[in-house]
Structure formats: C-alpha cells, structure tokens
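just coords:
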C-alpha cells in the first residue's frame, strides 16, 4: 500500500476533474464519476472542495491565463494569435480549457463561472493590449473567433492545411481586421 497524503489526494481529484470536465462537460460529470476517476471517495471531494461547482471553479482557476500569446512580448499580436489558432487547429489534442468551457458553457449551474473565465483569461487581457477606441468590442470579436475556432476543432477534428504558413497568413488578416 502506498501512503496517502492530503496534497496527493487533492491533486488526484483535480486531475480527474480536469480530465472529466474537458471530456464530458460539467453537467454530465457526477461526483461518483469524479471519485472513481480520482480513486477517492465522494466525502473527500466534498471535504477538499465543498461542491462540484467549487471543484469546477478550482479547475478553471488552476489553468492560468490564456497561453503566453497575450503577454506583452512586442511583435505582431494578430500574427501571434493566428499562429496559436493555427497550431490548435492542426493539433491532435483538444485544448483542455477550451474543451471544458465549450462542453460546460450551457450549464445553468456554472454558465457564469465559464463566462467569467473567458473574461478574465482572454477578453480582459486582450482588451488591455489594444490601443484606440472600442478596444473591448474589438477584443470581443477576436475572443469570439478564438472560442468558435476551438469549438469547430472539437467538432470536426484537426484541420490539416496544405500549408500552415498560408493558414497563419489568412488568420493573421482576420485577427488584424478584428484588432485594428
């Protein structure tokens, strides 16, 4: 038998939740499913997180901001967004945060949490990067494109363009139109 630790159990529960929420969406995941996946009992999930909703919030909070694309590294933000999206479109694996949000956003219980996550991880940092008028509107359009592309990728599978550079060029033009 291996020794059990509070932090190890908590980590197993979070890992199981991240996997199950991304795979099935919030409404389809039960506490029993979480317990079975984490090799823990339901009482421990409640003790560490209080509820499935709070566990979901912790999973989202743990994911951090949108990948470094929005960090102020100079360069062309539209091109960096285009490269990120092109890589996601061609990837064999789903982005776990986008998968979780897409599969869970329609849940009445956590819709607000999902919207807050998109706002704090993507919309607000993107808005802050934009100069000029209507920055929030422009950032909202780009965010809608990113979220929609994520959903398209989940439904249709990887997109394998003949030339990644051509896809990046086209996506850069789209993002530039949104952001400028």
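Arrived safely. No experiment lies behind these values; they were computed from the predicted model shown.

spatially central residue for this structure, please.
The residue lying closest to the centre of the chain (CA atoms, centre = their mean) is residue 97, at 2.3 Å.

residues of the host helix or strand of it that come out buried?
Using DSSP states H and E, residue 97 sits within helix 96-104. By 16 or more other CB atoms under 10 Å, the buried positions in helix 96-104 come out as 97, 98, 99, 100, 101, 102, 103, 104. Backbone N, C-alpha and C define where each C-beta goes, glycine included.

test my guess that the third one contacts residue 151.
Just to be clear, that refers to residue 99. No: if you go by CB atoms under 8 Å, residue 99 and residue 151 don't touch, sitting 9.4 Å apart.

tell me which helix or strand of the protein sits lowest on mean pLDDT?
The weakest-scoring helix or strand in the chain, judged by mean pLDDT, DSSP states H and E, is helix 96-104 (a mean of 75).

please name every helix or strand in contact with it.
Contacts defined by 3 or more CB pairs under 8 Å, 6 or more residues apart in numbering; DSSP states H and E place helix 96-104 against helix 6-24, helix 52-62, helix 111-118, helix 135-156.

can you give the domain ranges for this protein?
6-62, 68-179 (automatic domain parsing).

got any ranges where this structure has weak pLDDT?
1-4, 64-67, 72-74, 92-95, 161-162 (pLDDT under 70).

what number of residues lie near residue 71?
Residue 71 has 12 neighbours, counted by other CB atoms under 10 Å.

how close does it sit to residue 77?
10 Å (CB to CB, to the nearest Å).

got the angle between the helix holding residue 97 and helix 6-24?
60 degrees (axes from the mean of the first three to the mean of the last three CA atoms, to 10 degrees).

just the residues contacting helix 96-104, thanks.
For helix 96-104, contacts defined as CB atoms under 8 Å, 6 or more residues apart in numbering pick out 18, 21-28, 56, 59-60, 63, 88, 110, 114, 117-118, 121, 147, 150-151, 154.

if you drop the residues flanking it in sequence, what lies closest to residue 146?
Nearest residue to residue 146, sequence neighbours excluded (CB to CB, 6 or more residues apart in numbering): residue 85, at 6.4 Å.

isn't the one you found right up against residue 172?
No: contact criterion CB under 8 Å: residue 85 and residue 172 do not qualify, at 9.7 Å.

ok, the two, which is more surrounded?
Counted by other CB under 10 Å, residue 85 and residue 172 do not tie: residue 85 has more neighbours, with 23 against 20.
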